[in-house]
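Participant: give me coordinates for this.
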Amino acid sequence: MAKRLPSIMPPLTLAEALETTKIHSVAGSLRGGSRLMTARPFRAPHHTISPVALVGGGTNPVPGEISLAHNGVLFLDEFPEFSRGVLEVMRQPLEDRHITIARAKYTIDYPAGFMLVASMNPCPCGYYNHPTRQCICAPGAVRKYLNRISGPLLDRIDMHIEVESIPAERL
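Facilitator: So this is what the prediction gives:
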C-alpha cells in the first residue's frame, strides 16, 4: 500500500519537479538520460540505515534519504527495528520540513518536506491481540518493543491506524 501512495498524490507542480530534480541531481541519483523528475519520490531505506545516510552529509555533502523523499513518501517498514539514533534524527526535519547539516567547514540546508509512512507489528512475534494466534512474546517484551519509538517522534505522526489480520480467503 505504501508504494502506491505517490500514485494517488497530486502530480508534481513544475516548481516541485524542479526542486526534486535538483536534490536528486546533487545526490547523483537521477536515472540515465533523465532530465526532470515527474513522479513523486518513494524512498524505503532498510532498517539498518545509519543516521548519516538518512539525513545526508559526508565529506562532499550529499542529501540523505530524508531529502531524497522531499515532495514524496519516506516509508519505514518495521519501524521499531530502526536504531533509536536514526529515529530521533527525524524529529526536527518532520517539524521544520528541512534539514541542516553543519560541519566544521560548511553548513548546508536541504529541503525535507516528505510524507512519513511507517509500519510495524504489534509486538516482536507479530501476534499480540491476533484473533486466532497466540502471542509468544515474553512478559514485558511488547512494552519494550513499543517503547523503541519515542513519544516526541510519535507526536509528529498525524495518523495512527491499526490494521487487523484478514484471513487469506477474505482477500
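Participant: tell me which residues in stretch 127-134 are buried?
Facilitator: Neighbour-count burial for stretch 127-134, counted by 16 or more other CB atoms under 10 Å, picks out 127-128. All C-beta spots, glycine's among them, are computed from the backbone N, C-alpha and C.
Participant: cool, and stretch 52-63?
Facilitator: Buried-residue list, stretch 52-63, by 16+ other CB under 10 Å: 53-57, 61-63.
Participant: packing partners of the host helix or strand of residue 52?
Facilitator: Residue 52 is part of helix 51-55, with elements assigned from DSSP states H and E. Here helix 51-55 touches helix 65-68, helix 84-88, going by 3 or more CB pairs under 8 Å, 6 or more residues apart in numbering; DSSP states H and E.
Participant: which two from the buried residues of stretch 52-63 end up farthest apart in space?
Facilitator: 54 and 61 (14.2 Å; CB to CB).
Participant: circling back: export the helices and strands packed on helix 51-55 to a markdown table and tack on distance to residue 26?
Facilitator: Listed next are the helices and strands packed on helix 51-55 as a markdown table, based on distance: least, CB to CB, whole Å:
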| stretch | distance to residue 26 |
| --- | --- |
| helix 65-68 | 9 |
| helix 84-88 | 22 |
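Participant: could you pull out the strands for the protein?
Facilitator: For the chain, the strands defined by DSSP state E occupy 42-43, 56-57, 62-63, 73-76, 98-102, 107-111, 115-118.
Participant: which one of those has the poorest average confidence?
Facilitator: Lowest mean pLDDT within the strands of the chain: strand 56-57, a mean of 86.
Participant: what sits up against that strand?
Facilitator: 62-64, 66-67, 99, 101, 103, 110 (CB atoms under 8 Å, 6 or more residues apart in numbering).
Participant: related to what we said a few turns ago, and among the helices and strands packed on helix 51-55, the most buried is which?
Facilitator: Across these, averaging neighbours per residue (mean count of other CB atoms under 10 Å) puts helix 65-68 on top, at a mean of 26.
Participant: please identify which pair of the contacts of strand 56-57 lies farthest apart.
Facilitator: Going by CB to CB, the pair spanning these furthest: 66 and 103, at 16.9 Å.
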